[in-house]
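Asker: Provided below are the primary sequence and the corresponding predicted coordinates.
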Amino acid sequence: MKPSQTPKNPCFSSGPCAKRPGWSLDALKDAAVGRSHRAKIGKNKLADVIQRSKKVLGIPDAYKLGIVPASDTGAVEMALWSLLGGRGVDILAWEAFSSGWATDCKSQLRLKDLRVFNADYGRLPELKQVDWTRDVVFAWNGTTSGVRVPNGDWIAADRDGLAICDATSAVFAMEIPWDRLDVVTWSWQKVLGGEGAHGMIALSPRAIERLENSNPDRPLPKIFQMTKGGKLIEGIFEGETINTPSMLCVEDALDSLKWAESIGGLPALIARSEANLQCIEEWVAQSSWAAFLAEEKSNRSSTSICLKIKDPAFTTLSADDQSAHAKSIVSTLENERAAYDVGAYRDAPVGLRIWGGATVETSDIQALLPWLDWAYALAQESFARAL
Ligand SMILES: Cc1ncc(COP(=O)(O)O)c(C=O)c1O
């Protein structure tokens, strides 16, 4: 039976993610548009984003947090290009983004002493393989496979190398052990549903020391430079951005942080995301056709929730047919306004990906689930007819 009610908000994209409940353009009415970001009003707003983010996330005082260009990609790349090369590097790669960082380290940075530990979609590489005398690069949550690291226990507290973590689909939805991480990056467009464009980078005292004392033998574009004359450019971490940010995006980031504070901060954000995962887990447990791409429950993401289709009638279709039917499910859901943007990532195995981050209401996930069954049944009819 076709469900009668669609989710109130059908936005389940894994980035840009759903706006916070109750958001409207009105949230931007105090934006410092038309003003310089270096004027007091603009700089104060940028500094406010930094301070509120640090507070909500519980980032230690000794860490520096900055707003940087080019979203999470910009933040990760500036860390890789500024920090790596002085010692060996280990990279954990288990889905598209972490594999991308490995490719950049190999083909662009051309690091000589590089080890890449790979795993297929749905799995984590063996975390114990990494050597903490080396620098280690990894994503906390693999957005394209729905697999996250279970915790930070595998990261040596007394490491010599730096732990460089792309946490863009994890921060504000998962517990992050700051003392185990030296560089943490994210963007505004993810868990708090902000606008695309800007990234954030958090640096531990050891990462700052490395920045100030190493001089990588490579050219660094201005937008990657965090030091001048061997000293950290402190202004970047106080709201003096390297180049011009969008004050609309800044206002929106502030709005999302104020919302996060209003609902109870990080514990409430994490609880919302975990409730979304739990709701899908209960549905998957009784589904005849859907299963998690993540093989282990302890590694299952609560934000980018990736599903594969286990129905033998589907898995025995050709790869092209599987892909065509999965696409038809996604467009049926979109046409019905039941769910937008729930297709698997383009390089990931065929399936569905439902964002369960903190801005998504569990009631909307609940309303979505019968639509998934209905859309799958429609696809099933069409592939049964084709046989
Ligand atoms: C793990 C991960 N890293 C990097 C990115 C790229 O982020 P951005 O588009 O914000 O630069 C994404 C985007 O989804 C991601 O999920």
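Answerer: Noted; the coordinates are in hand.
Asker: name the residues of this protein found near the ligand, please.
Answerer: Selection of the chain residues close to the ligand by CB under 6 Å from any ligand atom yields 15, 71-73, 97, 139, 143, 166, 168-169, 187, 189. (Glycine included, C-beta is placed from N, CA and C.)
Asker: how does it look with 5 Å?
Answerer: Within the chain, the positions lying close to the ligand (CB under 5 Å from any ligand atom) are 15, 71-73, 97, 139, 143, 166, 168-169, 187.
Asker: tabulate the residues you listed (a markdown table), appending pLDDT.
Answerer: Converted to a markdown table, those look like this (pLDDT from 0 to 100):
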| residue | pLDDT |
| --- | --- |
| 15 | 97 |
| 71 | 98 |
| 72 | 98 |
| 73 | 98 |
| 97 | 98 |
| 139 | 98 |
| 143 | 98 |
| 166 | 99 |
| 168 | 98 |
| 169 | 98 |
| 187 | 98 |
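Asker: ok, and the closest non-adjacent residue to the residue of the stretch 201-350 of the chain found nearest the ligand?
Answerer: Closest residue of the stretch 201-350 of the chain to the ligand, CB to the nearest ligand atom: residue 304 (7.1 Å). Leaving out its chain neighbours, the residue that sits closest to residue 304 by CB to CB, 6 or more residues apart in numbering is residue 143, at 4.4 Å.
Asker: which residues touch the residue most central in space within the chain?
Answerer: Residue closest to the mean C-alpha point of the chain, counted by CA atoms, centre = their mean, is residue 169 at 1.9 Å. Counting by CB atoms under 8 Å, 6 or more residues apart in numbering, residue 169 makes contact with 14-15, 139-141, 143, 190-191, 301, 303-304, 357.
Asker: which among these gets closest to the ligand?
Answerer: For the contacts of residue 169, the minimum distance to the ligand (CB to the nearest ligand atom) is 3.1 Å, reached by residue 143.
Asker: which residues pair with whichever residue of the stretch 151-300 of the chain sits closest to the ligand across the strands?
Answerer: In the stretch 151-300 of the chain, the residue found nearest to the ligand is residue 187; the distance is 3.6 Å by CB to the nearest ligand atom. In this structure, residue 187 bridges to residue 199 when assessed by DSSP bridges.
Asker: how many other residues sit next to it?
Answerer: When neighbours are counted by other CB atoms under 10 Å, residue 187 registers 29.
Asker: cool, and residue 54?
Answerer: For residue 54, using other CB under 10 Å, the count is 16.
Asker: repeat for the one 5 residues further on
Answerer: Residue crowding around residue 59 was assessed by other CB under 10 Å; the count is 19.
Asker: ok, residue 206 - contacts?
Answerer: 162, 182 are the contacts of residue 206 under CB under 8 Å, 6+ apart.
Asker: show me where the stretch 51-200 of the chain has its helices.
Answerer: 71-83, 96-103 (DSSP state H, counting those that start in this stretch).
Asker: I'd guessed the residue nearest to residue 304 sits against residue 344; true?
Answerer: No: shown here, residue 143 and residue 344 do not form a contact pair, counting by CB atoms under 8 Å, at 11.1 Å.
Asker: average pLDDT for the longest helix belonging to the chain?
Answerer: When the chain is scanned for its longest helix (criterion: DSSP state H), the result is helix 362-386. Predicted confidence along helix 362-386 averages 94 (mean pLDDT).
Asker: who are the packing partners of that helix?
Answerer: Judged by 3 or more CB pairs under 8 Å, 6 or more residues apart in numbering; DSSP states H and E, helix 362-386 is in contact with helix 265-285, helix 312-315, helix 319-335, strand 352-355.
Asker: could you give the angle of it to helix 265-285?
Answerer: For helix 362-386 against helix 265-285, the angle by axes from the mean of the first three to the mean of the last three CA atoms, to 10 degrees is 30 degrees.
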